[in-house]
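Student: structure, please.
(one chain, ligands or ions: 1)
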Amino acid sequence: MTDTLAIGQYTDIDAQALRQDFDALFIAGWDGLDSLSEDQRAAVRAAAYKGHAPFGGAQMDRLPNLRLIANFGVGYDAIDVAAATARGITVTNTPDVLNDDVADLAVGMLIAQVRGFEAAARTVRNGDWAAKGDLPLGRKMSGRKIGILGMGRIGREIADRLAAFKSEIHYQSRSPKDTPGWTYHADPVDLARAVDDIVIAIVGGTETQNYVNADVLAALGPDGVIVNIARGTVIDEAALIAALENGTIRAAALDVFQGEPAVDPRLAKLDNLFPLPHIGSATVETRAAMGALQRRNLRAGLDGDRPHTPVN
Ligand code: NAP
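Tutor: Numbers count the residues shown, from 1 in each chain. From the prediction side, this is the model:
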């Protein structure tokens, strides 16, 4: 009986590797646990997890011999790490291998909104360019003052890229970092007041819920653009909708949403929102690297070694 349970939707390549290297048993989601026998659940020592549905103590208790949860993704806010630790379960994630993709996407989203790409593309496609002439002018991207909310691994990559756009970089983290002279702010409202645009790269979870609230949006002001590649939970979406509707800020670009993949229809229909369906790490190269790191963690955990990238 296999000791590895793969939970979630895997690409064919990852599924094949999990089958070949671990003889993994697959379930698409938590409903699938009901289809396993008690013996099958008791045999599971490692779970390869891919998804955003909560993985809490209740699910862990149905796998009584679980010792490792190898998450596919760097963000592990769906997993109750305290509950795992209390049960002697190690949790791992896939940091660093996705930094470039997520940072590239964040910069692309910011430029798209500062220069107004979506409206500009629409005017070509629908014939308005020929019928109505040129669009109103966009804003200059190079040299804008950018605030990075969360100077972690991905935040740093975003800042490095934007520095090449002659941006003055400001950031907010819980402590100052070693940077090439970038300006530190302890408070997100102070950060928002000091910059033109904000890119959010903090972790999700209960501690950062609604971190970007109406006060931050008001402090950013009517020329400001907000980009979020972190988690939907870190923005107060009701406050964001109001800010986009009444011009408190100019525009937003979101790769992540509260309750995704369902998106609040009020948000989805706003012309000054550029929405993407959580594609931060969604490239062939990076997803392959994430799968490989997940499997390296599984192997180490099952062999009784310290996994490569533990979070507890
Ligand atoms: P990281 O290196 O751990 O950085 C996380 C940042 O969050 C740090 O700046 C940290 O602040 C801050 N932070 C952590 N806990 C906090 C708290 N309680 N209050 C305030 N700030 C807090 O993580 P990363 O690898 O850069 O990834 C960041 C996040 O991006 C992930 O957690 C994930 O949710 C998201 N992500 C999204 C995608 C996507 O597809 N859109 C892909 C990958 C990752 P300090 O610097 O003070 O420690």
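Student: enumerate the residues of the stretch 1-150 of the chain near the ligand.
Tutor: 74, 75, 95, 98, 102, 150 (CB under 6 Å from any ligand atom). Glycine gets a C-beta too; all of them are placed from N, C-alpha and C.
Student: contacting residues around the residue in the stretch 201-312 of the chain positioned nearest to the ligand?
Tutor: The ligand sits closest to residue 280 of the stretch 201-312 of the chain, with a gap of 2.3 Å, by CB to the nearest ligand atom. Residue 280 makes contact with 98, 101, 102, 105, 106, 229, 255, 256, according to CB atoms under 8 Å, 6 or more residues apart in numbering.
Student: for it, helix, strand, or coil?
Tutor: At residue 280 the chain is in coil, as set by DSSP: H, G, I helix; E, B strand; the rest coil.
Student: let me know the pLDDT of it.
Tutor: Looking at residue 280, its pLDDT is 98.
Student: which one of the residues of the stretch 1-150 of the chain next to the ligand sits closest to residue 296?
Tutor: residue 95 (12.6 Å; CB to CB).
Student: name the nearest residue to the closest one, ignoring sequence neighbours.
Tutor: Nearest residue to residue 95, sequence neighbours excluded (CB to CB, 6 or more residues apart in numbering): residue 74, at 4.7 Å.
Student: same question, residue 264
Tutor: In space, residue 264 comes closest to residue 237 once its chain neighbours are excluded; the distance is 6.1 Å by CB to CB, 6+ apart.
Student: quick one, phi psi at the one you found?
Tutor: The phi and psi torsions at residue 237 (degrees, to the nearest 10) take the values phi -70, psi -30.
Student: my read: it touches residue 262, true?
Tutor: No - assessed by CB atoms under 8 Å, residue 237 is found out of contact with residue 262, at 11.9 Å.
Student: neighbour-wise, which of these two wins?
Tutor: Neighbour totals were compared for residue 237 and residue 262, and residue 237 leads with 19 against 9 (other CB atoms under 10 Å).
Student: and the pLDDT for that one?
Tutor: Each residue has a pLDDT score; the one for residue 237 is 98.
Student: show me what contacts it?
Tutor: For residue 237, the contacting residues are 257, 258, 264, 267, by CB under 8 Å, 6+ apart.
Student: could I get those residues as CSV with distance to the ligand?
Tutor: Shown next, in CSV, are the contacts of residue 237 (distance: CB to the nearest ligand atom, whole Å):
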residue, distance to the ligand
257, 11
258, 13
264, 18
267, 16
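Student: biggest separation within the residues you listed, which pair?
Tutor: Counting by CB to CB, the most remote pair of these is 258 and 267, 9.2 Å apart.
Student: only the buried residues of the host helix or strand of residue 288, if you could.
Tutor: Residue 288 is part of helix 284-302 when elements are defined by DSSP states H and E. Neighbour counts over helix 284-302 (16 or more other CB atoms under 10 Å) mark 286-287, 289-291, 293-302 as buried.
Student: ok, now stretch 81-96?
Tutor: Buried residues in stretch 81-96, defined by neighbour count with 16+ other CB under 10 Å: 81, 83, 84, 89, 90, 91, 92, 93, 94, 95.
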